[in-house]
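A.B. asks: structure of the sequence below:
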Amino acid sequence: MSCRTRFLPALPFGLALLLASCTAVAAAAPAAIRMPAEQARALGVRNAAAVAATGIPLEHLPATVEPALERSAVVTAPYAGTVTRVLAVEGSQVAAGAPLARVQSRERMMLEADAGRAASEARLAARQARRDADLLAEGIVPAARAESSRALQEQTGATQAQFARALALAPAARGGLPGEYELRAPLAGRVLERKVAPGQALEAMAAAFVVADTSQLDVAIRAPAAARMRLAAGQVARIDGTDARGRITAVGSAVDGASQTVPVRARFEASSVLVPGQPVAVTLELPAPQGALALPRGALARVGRDSVVFAATAGGYRVVTVEVLGESATQVVVRGPLAAGTAVAVAGTSALKALLAAGE
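C.D. replies: Reported below is the predicted structural model:
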């Protein structure tokens, strides 16, 4: 039925309703486009089969490469002092226990003296305790004296052990001066940061180096809060523009109010394209629901507010409204009344849209 808008005098209700119905039909898009194969080829329309989607891409998320938290450590100066030598720099590969720097410390020097006195007192107390034990066995001294000697031995031994532990925090530099100790690598890896230089004064507990095992790296990602419920450990993460692939290891539960994102961490094997501190863009691959289809990006068209694809039929194409689940630079993932294997137009859709608008 062909209907046109006219300015008419007042009409009976039934006729007015019929005109309104005709107008609505004219405005609605036809469900099919008749097009012989020869015409389709002439217009550059090309088909491809829809395939079942294996995942939904969440693209171009901002991220930063970081050392794995459990594989990195900060080396601090246990005692205040002055840096006398730097033995490792950024990028140095070091073994566990390797010296990184030397520090001359007045505190360490005084600790050495106190530890020496404690050791002497412990040796004296041990000898006295043994002597009193022998005298007690011969009945020469009372038991109280022997017990007092044993208590003193335990006390001085504990003091000696305490000083030994304190010295172990700052191992003496091999062949160094009194009070000179070494900062050593707590694990095998690479020096990522160096915060000291020869002659620099260090406060107690000041950070001096960051060392990390870079055989595996983490990527800290900011993902849209709306996608949080679909994110889970084990899902695939890709670094855009590279072949690097990893897996999500953790998804944050708190949303950043300013950016409306959640933190996500993914683990990657070491790669020449990944450097700690490097900003990157990441694509996450979310699981595709049942019935989701992957199509070339050129298959998707917009008609009004609807997203549609043109499914091939024997005499042309039918218009199928779909829900867009995800998009990438080359692909779109949709869900709708469409089966895997159905041929859809992937090129020349602009010509099909023009015919659709013309009502053909």
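A.B. asks: now the helices for the stretch 251-360 of the chain?
C.D. replies: Secondary structure of the stretch 251-360 of the chain (DSSP state H, counting those that start in this stretch): helices at 349-358.
A.B. asks: any stretches of it with poor pLDDT?
C.D. replies: The model of the stretch 251-360 of the chain has pLDDT under 70 over residues 359-360.
A.B. asks: and Thr54, that's in a helix?
C.D. replies: No - looking at Thr54 with DSSP: H, G, I helix; E, B strand; the rest coil, it is coil, so not inside a helix.
A.B. asks: so it versus Val219, what's the distance?
C.D. replies: 22 Å (Cβ to Cβ, to the nearest Å). Just so you know, the C-beta spots here come from the backbone N, C-alpha and C atoms, and that holds for glycine as well.
A.B. asks: more neighbours: which of the two?
C.D. replies: Val219 (24 against 12; other Cβ atoms under 10 Å).
A.B. asks: partner residues bridging that one?
C.D. replies: Per DSSP bridges, the residues bridged to Val219 are Val65, Ala266.
A.B. asks: could you chop the chain up by domain?
C.D. replies: 29-54+290-358, 57-70+214-286, 107-169 (automatic domain parsing).
A.B. asks: residue ranges of the strands in the stretch 101-250 of the chain, please?
C.D. replies: 180-184, 189-194, 201-202, 207-212, 216-224, 236-239, 245-251 (DSSP state E, counting those that start in this stretch).
A.B. asks: check the spacing between Ala101 and Thr283 real quick.
C.D. replies: Counting by Cβ to Cβ - Ala101 and Thr283 are separated by 41 Å.
A.B. asks: quick one, which of those two is more surrounded?
C.D. replies: Using other Cβ under 10 Å as the criterion, Ala101 and Thr283 rank with Ala101 on top: 26 against 19.
A.B. asks: quick one: the nearest residue to Ala351 once chain neighbours are set aside and Ile33, what's the gap?
C.D. replies: Excluding the flanking residues, the one nearest Ala351 by Cβ to Cβ, 6 or more residues apart in numbering is Leu43, at 4.2 Å. From Leu43 across to Ile33, the span is 11 Å (Cβ to Cβ).
A.B. asks: and the two? which has more neighbours close in?
C.D. replies: Ile33 (24 against 17).
A.B. asks: that one falls within a helix, correct?
C.D. replies: No - judged by three-state DSSP, Ile33 forms no part of a helix; its state is strand.
A.B. asks: who's in contact with stretch 139-148?
C.D. replies: 129, 132-133, 135-136 (Cβ atoms under 8 Å, 6 or more residues apart in numbering).
A.B. asks: can we see that at 7 Å?
C.D. replies: 132-133, 135-136 (Cβ atoms under 7 Å, 6 or more residues apart in numbering).
A.B. asks: now for the residues you listed: which two are most distant?
C.D. replies: Taking Cβ to Cβ as the measure, those span a maximum distance of 7.4 Å, between Ala133 and Leu135.
A.B. asks: contact partners for the spatially most central residue of the chain?
C.D. replies: The residue lying closest to the centre of the chain (Cα atoms, centre = their mean) is Arg265, at 2.4 Å. Counting by Cβ under 7 Å, 6+ apart, Arg265 makes contact with 218, 220, 249-250.
A.B. asks: Thr214 now?
C.D. replies: Contacts of Thr214 by Cβ under 7 Å, 6+ apart are 67, 189-190, 270, 276.
A.B. asks: now, of the residues you listed, which are buried?
C.D. replies: 67, 189-190, 276 (16 or more other Cβ atoms under 10 Å).
A.B. asks: what's the closest of these to Gly234?
C.D. replies: Among the buried ones among the contacts of Thr214, and counting by Cβ to Cβ, the member closest to Gly234 is Pro67, at 21.5 Å.
A.B. asks: please read off the pLDDT at the closest one from the model.
C.D. replies: We note a pLDDT of 94 for Pro67 in this prediction.
A.B. asks: also Thr249?
C.D. replies: pLDDT, read off for Thr249, is 97.
A.B. asks: surely it and Arg267 touch.
C.D. replies: Yes - contact status for Thr249 versus Arg267: in contact at 4.9 Å, counting by Cβ atoms under 7 Å.
A.B. asks: skipping adjacent residues, who's closest to Trp340 in space?
C.D. replies: No Trp there; residue 340 is Ala. Ala52 (4.6 Å).
A.B. asks: which strand residues bridge the one you found?
C.D. replies: Leu293.
A.B. asks: tell me how far it lies from Ala294.
C.D. replies: Distance from Ala52 to Ala294, by Cβ to Cβ: 7 Å.
A.B. asks: pretty sure Ala225 sits against Val255.
C.D. replies: Yes - taking contacts as Cβ under 7 Å, Ala225 lies within contact range of Val255: 4.5 Å.
A.B. asks: overlap in contacts of the two?
C.D. replies: Taking Cβ under 7 Å, 6+ apart as the criterion, Ala225 and Val255 both touch Val262.
A.B. asks: contacting residues around Ala88?
C.D. replies: By Cβ under 7 Å, 6+ apart, the neighbours of Ala88 are 94, 100, 191.
A.B. asks: now, among those residues, which is nearest to Asp213?
C.D. replies: Nearest member of the contacts of Ala88 to Asp213, counting by Cβ to Cβ, is Val94, at 10.6 Å.
A.B. asks: for that closest one, give the beta-bridge partners.
C.D. replies: Applying DSSP bridges, one finds that Val94 bridges with Gly189.
A.B. asks: against Gly316, how distant is it?
C.D. replies: For Val94, the distance to Gly316 - Cβ to Cβ - is 70 Å.
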